[in-house]
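Student: Fold the following for me, if possible:
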Amino acid sequence: LVSSLALPVPKLPQSFYHDLLKRRDLVWLETKKGERIPAIHIQAPLRRRRNVTLLFSHGNAEDIALHLPFVTALAHRTGAD
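Tutor: Down below sits the predicted model:
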């Protein structure tokens, strides 16, 4: 009960996740225990691309997909993947 009140799951339509799973830049990382973790590899446009990579991690009880517009803009602005 406490975790559901302190860390509520974002209420997003199923179509949001359905579209997310169709992204071409969706990759799956596998842990040593065989667990699969979804990740998005957003690439900067070729004309701006630099030899830099940013790793963006979200806080607990957040949905990283909600941050994709910000992370995409960051990649485009900085030239980092």
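
Student: Tell me where the model's unsure across this protein.
Tutor: Scanning the chain for pLDDT under 70 picks out 1-10, 59-61.

Student: now the lengthiest helix in the chain: how far from the chain's centre is it?
Tutor: Longest helix in the chain by number of residues (criterion: DSSP state H): helix 68-78. Between the centre of helix 68-78 and the centre of its host chain there is 11 Å, according to CA atoms, centre = their mean, to the nearest Å.

Student: And for stretch 71-81?
Tutor: With CA atoms, centre = their mean as the basis, stretch 71-81 stands 13 Å off its chain's centre.

Student: Equivalent analysis for stretch 28-46, please.
Tutor: With CA atoms, centre = their mean as the basis, stretch 28-46 stands 9 Å off its chain's centre.

Student: now what about that stretch, what contacts it?
Tutor: 23, 25-27, 49-50, 64-65, 68, 71-72, 75-76, 78-81 (CB atoms under 8 Å, 6 or more residues apart in numbering). (Glycine included, C-beta is placed from N, CA and C.)

Student: Give me the buried entries from those residues.
Tutor: Buried by 16 or more other CB atoms under 10 Å: 65, 68, 75, 80-81, out of the contacts of stretch 28-46.

Student: how about these, which pair is most distant?
Tutor: Spanning the widest gap among the buried ones among the contacts of stretch 28-46 are 65 and 80, at 19.7 Å by CB to CB.

Student: wait, is residue 54 part of a helix?
Tutor: No: judged by DSSP: H, G, I helix; E, B strand; the rest coil, residue 54 forms no part of a helix; its state is coil.

Student: can you give me the helices for the chain?
Tutor: Under DSSP H, the chain gives helices at 2-6, 14-21, 68-78.

Student: where's residue 62 relative to residue 55, distance?
Tutor: According to CB to CB, to the nearest Å, residue 62 stands 16 Å off from residue 55.
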